[in-house]
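Visitor: Show me the folded form of this:
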Amino acid sequence: MAEVLAGSRKLIELPEVVEVEIARFKENVIRLRAGQMDPDDFKKFRLNNGIYGIRGTKDKQMVRIKVPFGALASDQLECLADIADRFAPTKTGHITTRQAVQMHYIPLEECPDLIRMVNSCGLTTREACGNTVRNVTCCPYAGVSAEELFDVAPYAEALYRYFLRNPINQNLPRKFKFAAEGCPTDHIITAIHDFGIVAAFKNENGKIRKGFRIYVGGGLGALPFVALLLEDFTPVENLLPTAEAVMRIFDRMGERKDKNHARLKFVVKRLGAEEFKKLVIQERSHVSATRAGDRNWDIPEPKAETPPPAPQNIPDVKNPAEGFERWKTTNTIPQKQVGYSIVTVVCPLGDINSTQMRALAEIARRYCGGRLRTTIEQNLVLRWVRHQDLPALHQDLLKANLGTAGALRFSDITRCPGADTCQIAVTKSRGLAQALGELFKNGLSTKADLSGIHVKISGCTNSCGQHHIGTLGFYGTYRKINDRQVPHYQLLVGGSTREGEATFGQPILALPAKRVPEAVKQLIVLYDKERKEGEDFLTVMNRLGKNRLKEELTQFTQLPPYEKGPEMYFEWGENKDFVAEIGQGECAA
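Guide: Sure, this is the predicted structure:
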């Protein structure tokens, strides 16, 4: 694709297919307004173009922008800042647990212009929603991790390109999620995906072959499933035909009437593990035998990442900013390339505003050649930062209000957008995440950097915030107290994952939203009291068991009479009575 200059950024000249899609979007909006297009048909069309309706609005949209395998360049981040300024009233982007970026409250008529800008910087909204292949996620450390077997990013990119606009991918029974991991530590959580690949080698007659362990049929949602190991070893040349075989079986055998049971995991459950494996192997053989001439399955051998040009004029900071050592401990890890660090930039609540986007784009350009990754923890990662530049980088991040420490620790909370924008959410998970964040400023300030505690919050049972696998997981619900509806969160304790395994948290009890921070604080008090030498939080919670935890927390299920504390009955961030309002979801439309 040709590139044209726009200011200091390179913008891509849009291919014909994108121009056609934008023109069709404009035409269909006109037809919808004129009553010439069925609203349900338009909804499916809109979703396949990454546009999702926003709760409580008629014509405001959420736009989801795919960041394929999480790879983002400074130019693209600046383009996202321009999009946020031009289209989003909040001038803020939200990083999702699938490494995508969402913009909210976009007028429907403005969506075609937004889509044009997204595509002009090499990204897309295409198939970011709907019953399609969603964003392909990938280990954010791929290519630079000291523990990886090999760089899986090129294979994640191949999956993304193969299925984007692929006819098989336009009307699946339900959404389909890929993930790629190259490390023994499963940073991308392959066990909860429809199709997860993990780097593997196999010695065949003295020759080392490169391939993958492939896992299929995982997923969270209201009924979570752990993925099934499809094959111990799938050579790289069989990756795409295997993926297509699984997709074809899903398309053919997935449930199309009951969307609550339409994910691949239910096909695997219905058929049984051995029958499903047998079908995939057979289908792969058929796919290979009937491959069309334009189907290229060759994935070029990836080249090793090379360092960016050496940064110029980085000051030698003799006196690092306050908090530097803590930030360095929690937010940086050495790359496998000697002399370089991977740096996590924490985006509290997954949000980053346009001013911060521009600042971070320039910081990345200055320190590491503009190379970034989004993460499933809703943060951003810089790669190829020289060790000696870390003090100066930290100072620049602080100036941009992006120097928060505690990456992947207790205070680094994952949350879905919740009832602020989602049509099916019960509670406002953002408000709870903010309230829990306040604990680390007073009350739990010495505990913020505890490792092994991951807090994950969803506004409903659907687990967009991945509450099932949080050490502490919460999902929104409601109960009646003193004849009034009160927002609650169901607490789950003990979730965890590793390659091929997922332990889903045990439900303990439902807590009024306003009392959740007290309950979390009590669990930390209990942990300090009961832990034995060498035990982490998860070990202590599992040892104490559900009944003991429930006994400790039952006190936080009570509220004072409404007249004595009406605010305790409200949602976080609200000053009015709570009314449970659950709309018609679109993610299964």
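
Visitor: tally of neighbours for residue 39?
Guide: A total of 9 residues lie near residue 39 under the criterion other CB atoms under 10 Å. To be clear about C-beta, it is placed using only N, CA and C from the backbone, and glycine gets the same treatment.

Visitor: try the one 5 residues further on
Guide: Counted by other CB under 10 Å, the residues lying close to residue 44 total 17.

Visitor: Which positions in the helix or strand encompassing it come out as buried?
Guide: If you go by DSSP states H and E, residue 44 is part of helix 39-48. Buried residues in helix 39-48, defined by neighbour count with 16 or more other CB atoms under 10 Å: 43, 44, 45, 46, 47, 48.

Visitor: you'd agree the second one is up against residue 130?
Guide: Yes: checked against CB atoms under 8 Å, the pair residue 44 and residue 130 is within contact range at 6.7 Å.

Visitor: show me where the stretch 201-350 of the chain has helices.
Guide: Taking DSSP state H, counting those that start in this stretch, the helices of the stretch 201-350 of the chain run over residues 239-253, 264-271, 273-289, 324-331.

Visitor: so which of those helices gets nearest residue 560?
Guide: With respect to residue 560, and counting by CB to CB, the nearest of the helices of the stretch 201-350 of the chain is helix 324-331 at 38.3 Å.

Visitor: which helices and strands does that closest one pack with?
Guide: Helix 324-331 makes packing contacts with strand 340-345, helix 390-399 when contacts are defined by 3 or more CB pairs under 8 Å, 6 or more residues apart in numbering; DSSP states H and E.

Visitor: at 6 Å instead, please
Guide: Secondary-structure packing of helix 324-331 (3 or more CB pairs under 6 Å, 6 or more residues apart in numbering; DSSP states H and E): helix 390-399.

Visitor: returning to what we had before: quick one: which of the buried residues of helix 39-48 is nearest to residue 407?
Guide: Out of the buried residues of helix 39-48, the one with the shortest distance to residue 407 is residue 47. That distance is 32.8 Å, counting by CB to CB.

Visitor: my guess is the closest one contacts residue 127, does it?
Guide: No: distance between residue 47 and residue 127: 9.0 Å, which falls outside the contact criterion (CB atoms under 6 Å).

Visitor: where in this protein is pLDDT low?
Guide: Scanning the chain with the threshold set as pLDDT under 70 gives 1-11, 293-294, 585, 587-589.

Visitor: Would you map out the domains in it?
Guide: Under the assignment named as automatic domain parsing, the residue ranges that make up the domains of the chain are 3-120, 137-289, 324-399, 414-569.

Visitor: So which of these is nearest residue 302?
Guide: When those are compared for distance to residue 302 using CB to CB, the nearest one is domain 137-289, at 3.9 Å.

Visitor: Leaving aside the residues adjacent along the chain, what's closest to the spatially most central residue of the chain?
Guide: By CA atoms, centre = their mean, the chain has its centre lying nearest to residue 97, at 1.2 Å. By the measure of CB to CB, 6 or more residues apart in numbering, the closest residue to residue 97 outside its immediate chain neighbours is residue 376, 5.0 Å from it.

Visitor: same question, residue 365
Guide: In space, residue 365 comes closest to residue 74 once its chain neighbours are excluded; the distance is 4.4 Å by CB to CB, 6+ apart.

Visitor: Can you list the residue ranges for helices in the protein?
Guide: 16-33, 39-48, 74-87, 111-120, 153-163, 239-253, 264-271, 273-289, 324-331, 354-368, 390-399, 429-439, 516-530, 537-553 (DSSP state H).

Visitor: quick one, which of the ones you listed is nearest to residue 501?
Guide: Once CB to CB is applied to those, the stretch that comes out nearest is helix 537-553, at 13.7 Å.

Visitor: List the buried residues of that closest one.
Guide: Under the neighbour-count criterion of 16+ other CB under 10 Å, helix 537-553 has 537, 538, 540, 541, 544, 549, 550, 552, 553 buried.

Visitor: now, which of the residues you listed sits nearest residue 581?
Guide: If you rank the buried residues of helix 537-553 by distance to residue 581 using CB to CB, residue 553 comes first, at 27.5 Å.

Visitor: distance of the closest one from residue 455?
Guide: In this view, residue 553 and residue 455 are 15 Å apart by CB to CB, to the nearest Å.

Visitor: can you check residue 375 too?
Guide: Distance from residue 375 to residue 455, counting by CB to CB: 16 Å.

Visitor: repeat for residue 72
Guide: For residue 72, the distance to residue 455 - CB to CB - is 25 Å.

Visitor: Ok, residue 210 next?
Guide: Distance, residue 210 to residue 455, using CB to CB: 37 Å.

Visitor: same check, this time on residue 350
Guide: Counting by CB to CB, the gap between residue 350 and residue 455 amounts to 13 Å.

Visitor: of those two, who's got more company?
Guide: More neighbours sit around residue 350 than around the other of residue 350 and residue 455, counting by other CB under 10 Å; the figures are 27 against 23.

Visitor: dump the residue contacts of that one.
Guide: Applying CB atoms under 6 Å, 6 or more residues apart in numbering, we find residue 350 in contact with 94, 95, 378.

Visitor: Now for residue 329, how many residues are close by?
Guide: Counted with other CB under 10 Å, residues neighbouring residue 329 total 13.

Visitor: cool, residue 296 as well?
Guide: The burial metric for residue 296, expressed as a neighbour count using other CB under 10 Å, is 11.

Visitor: doesn't residue 344 make contact with residue 382?
Guide: No: applying CB under 6 Å, one finds residue 382 not in contact with residue 344, separated by 8.1 Å.

Visitor: Against residue 287, how distant is the closest residue to residue 247 other than its chain neighbours?
Guide: With CB to CB, 6+ apart as the measure, residue 168 is the residue that lies nearest to residue 247, at 5.7 Å, once sequence neighbours are left out. Distance of residue 168 to residue 287, given as CB to CB: 10 Å.

Visitor: With neighbour numbers in mind, choose between those two.
Guide: For residue 168 against residue 287, the residue with the higher neighbour count under other CB under 10 Å is residue 287, and the figures read 19 against 13.

Visitor: Residue 415 is in contact with residue 457, isn't it?
Guide: Yes: when contacts are counted by CB under 6 Å, residue 415 is listed as touching residue 457 (4.2 Å).

Visitor: Please enumerate the shared neighbours of the two.
Guide: Among the neighbours of residue 415, those also in contact with residue 457 (CB under 6 Å, 6+ apart) are 429, 433, 465.

Visitor: Quick check: of those, which lies closest to residue 326?
Guide: Each of these was checked against residue 326 using CB to CB; the closest is residue 433, at 21.4 Å.

Visitor: residues in contact with the nearest residue to the closest one once chain neighbours are set aside?
Guide: The shortest distance from residue 433 to any residue that is not its chain neighbour, by CB to CB, 6+ apart, is 4.3 Å, and that residue is residue 415. Neighbour list for residue 415: 429, 433, 457, 465 [criterion: CB under 6 Å, 6+ apart].

Visitor: do you know how far residue 415 is from residue 560?
Guide: According to CB to CB, residue 415 and residue 560 sit 27 Å apart.

Visitor: what does residue 433 give?
Guide: Taking CB to CB as the measure, residue 433 falls 25 Å from residue 560.

Visitor: So for the two, which residue has more residues nearby?
Guide: More crowded of residue 433 and residue 560, by other CB under 10 Å: residue 433, with 23 against 12.

Visitor: which ones are touching that one?
Guide: Contacts for residue 433 (CB under 6 Å, 6+ apart) come out as 349, 413, 415, 457.

Visitor: so residue 144 makes contact with residue 334?
Guide: No: with the criterion set as CB under 6 Å, residue 144 and residue 334 do not qualify as a contacting pair; they are 9.5 Å apart.
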